[in-house]
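Asker: when you get a sec, could you give me coordinates for this:
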Amino acid sequence: MKPLLDELPQLVGPRSVGTKLRRREDARLLTGQATHVGDMHLPDMLHVAVLRSPYAHARIVSIDLDVARTAEGVAGIYASSDLDGKVSAFVESAREDLSPKLAELVDIEVKSLPMSVFASDRVFWVGQPVAAVVATDPYLAEDALALIDVDYDPLASLVDLEGALEDGAQVLHPELGDNVHTHLLVECGDVDRALADAEHRLHERLEIGRQISSAIEPRGVLATFDGSELTIWATNTKPHLVRSFVSRMLDLPADRVRFVSPDMGGSFGGGIFSEEILIPFLATELRRPVRWIEDRRENLLTTSHGRDQIHDVEIGFQGDGTVVAIRDRYLMDTGAYNTYAVTVPYNTVAHMRSQYRIDHFSVDGTVVVTTKAPAVPVRGAGRPEATFVIERSMDMVARELGLDRAEVRRRNLIRPEEMPYDMGIPYRDTVTMMYE
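Answerer: Model (predicted):
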């Protein structure tokens, strides 16, 4: 019997997988014909400027919008109270999507801490959105923004990751009970025994500082609402996620929300930010196209912060450079909110052994809230941090034994004949990690 596809050759189209495809966008991008959010102009379009907190931590005593409302060109001014009952808190989708099975396989706790689009009674980081002005011109919007009078009562900031865990440290979000948002413990093998039996042991503190991934093009959002369908253009690489968030937070059916991906001037990952929700909301409120373009200062203050981990790592190894065990205790500074649950911290755990054969392994991770901008998955999303830890560990072993660094790595590699190799822990999707 002939295979079905041989009998129906007309159904077999050209193959794309494994085929070198010609790039189509280069000429347009190189000749200035690309269309970014900042290049788009719709009839009767309004412009938004966002008022941001100048304090890392403060109580908002009052906000006076009256003078700003009378400024030239102003179409509307919005603060937290104007969103009440219309815009819900951020969807905790990463927390919701965690499989209950993962909690059966590893020790993991993720607390609920939904973030609002605007600060209400307190601000928790420099740059947190407090209010927004909508005007007929971006410069008029900025002028009116300067007329908003906010009375802040400054509070002590909490920027020391380790200090946030000390006895007596102020609790940033009382509903958490402490400053720990997420904790996970992932283990395999017998680390205590392997470390005790190892011929050599090293201990080191490794720090990865906070980084900001600044794309060439700052973020931008444009939205329009025709009374039925909401259309969004934004510099965000997660169109379906933005659509889902907007649908749920604005209580709109998903089939009435349309996301169009324009040309983008780079991206390093990132998340869903207040403006991706605010601008669509304003479009539905005002029934006119509304656009916001981020400036570089806003970008540095609020967009795509990441890394910020401290590792306390212990390595057990033999005289020939073979690493037999790793125990790591690490802290991650997630900023004021952890909007991605275990995405980054679990990636750090899962990828820490890289391509090396280390069967005795224990990582205890604690995600801490502080008065900094929320950390989000930035290029690699926890994997570069893991790579830094394991590769520095290999360097330390080589230095301690006087061996070549490359040779130490070679001796610890998983060998081809050992694959598929069971790493002994589940990935976030609960499937056992296997290297092939």
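Asker: every contact and neighbour count from this point should use C-alpha atoms.
Answerer: Noted.
Asker: just the helices in the stretch 251-400 of the chain please.
Answerer: Counting by DSSP state H, counting those that start in this stretch, one finds helices in the stretch 251-400 of the chain at the ranges 274-286, 296-302, 343-350, 383-401.
Asker: what angle do the last one and helix 343-350 make?
Answerer: By that I understand helix 383-401. Interaxial angle, helix 383-401 versus helix 343-350 (axes from the mean of the first three to the mean of the last three CA atoms, to 10 degrees): 30 degrees.
Asker: centre of the chain to helix 383-401, how far?
Answerer: Relative to its chain's centre, helix 383-401 lies at 25 Å (CA atoms, centre = their mean, to the nearest Å).
Asker: which ones are touching the most centrally placed residue in the chain?
Answerer: Among the residues of the chain, the one closest to the centroid is V376, at 1.8 Å (CA atoms, centre = their mean). Going by CA atoms under 8 Å, 6 or more residues apart in numbering, V376 touches 270-271, 304-306, 334, 338-340, 344.
Asker: among these, who's most crowded?
Answerer: Counting neighbours by other CA atoms under 10 Å, T334 comes out on top of the contacts of V376 with 33 neighbours.
Asker: wait, doesn't that residue sit right on T371?
Answerer: No. Taking contacts as CA atoms under 8 Å, T334 lies outside contact range of T371: 9.3 Å.
Asker: tally of neighbours for L140?
Answerer: L140 has 19 neighbouring residues, counting by other CA under 10 Å.
Asker: sticking with it, tell me its helix or strand.
Answerer: helix 138-145 (DSSP states H and E).
Asker: picking that back up, and the pLDDT for the residue nearest to the centre of the chain?
Answerer: Note for V376: predicted pLDDT of 84.
Asker: look up how far H200 lies from it.
Answerer: Relative to H200, V376 is positioned 37 Å away (CA to CA, to the nearest Å).
Asker: D160 now?
Answerer: Separation of D160 from H200 (CA to CA): 33 Å.
Asker: same check, this time on D44
Answerer: 71 Å.
Asker: and if you look at L140?
Answerer: Distance from L140 to H200, counting by CA to CA: 67 Å.
Asker: got it, and D192?
Answerer: Relative to H200, and taking CA to CA, D192 is found at 14 Å.
Asker: how about low-confidence regions in the stretch 151-300 of the chain?
Answerer: Applying pLDDT under 70 to the stretch 151-300 of the chain flags the ranges 269.
Asker: strands of that one, start to end?
Answerer: 180-188, 200-212, 220-225, 230-234, 257-260, 290-293 (DSSP state E, counting those that start in this stretch).
Asker: among the ones you listed, which is nearest V363?
Answerer: strand 180-188 (5.4 Å; CA to CA).
Asker: neighbouring strands of the closest one in the sheet, and parallel or not?
Answerer: If you go by DSSP bridges, strand 180-188 pairs up with strand 107-110 (antiparallel), strand 360-369 (antiparallel).
Asker: hey, least reliable of the ones you listed by pLDDT?
Answerer: The weakest mean pLDDT among the strands paired with strand 180-188 belongs to strand 107-110, with a mean of 88.
Asker: what sits up against it?
Answerer: With contacts defined as CA under 8 Å, 6+ apart, strand 107-110 is touched by 95, 102-103, 181-186, 341-342.
Asker: now do the helices in the stretch 51-200 of the chain.
Answerer: Per DSSP H, counting those that start in this stretch, the stretch 51-200 of the chain carries helices over the ranges 66-69, 80-83, 93-96, 100-105, 138-145, 191-197.
Asker: closest one to R205 among these?
Answerer: Using CA to CA, those put helix 191-197 closest to R205, at 17.5 Å.
Asker: only the buried residues of the closest one, if you could.
Answerer: For helix 191-197, the neighbour count (16 or more other CA atoms under 10 Å) marks 191, 194-195 as buried.
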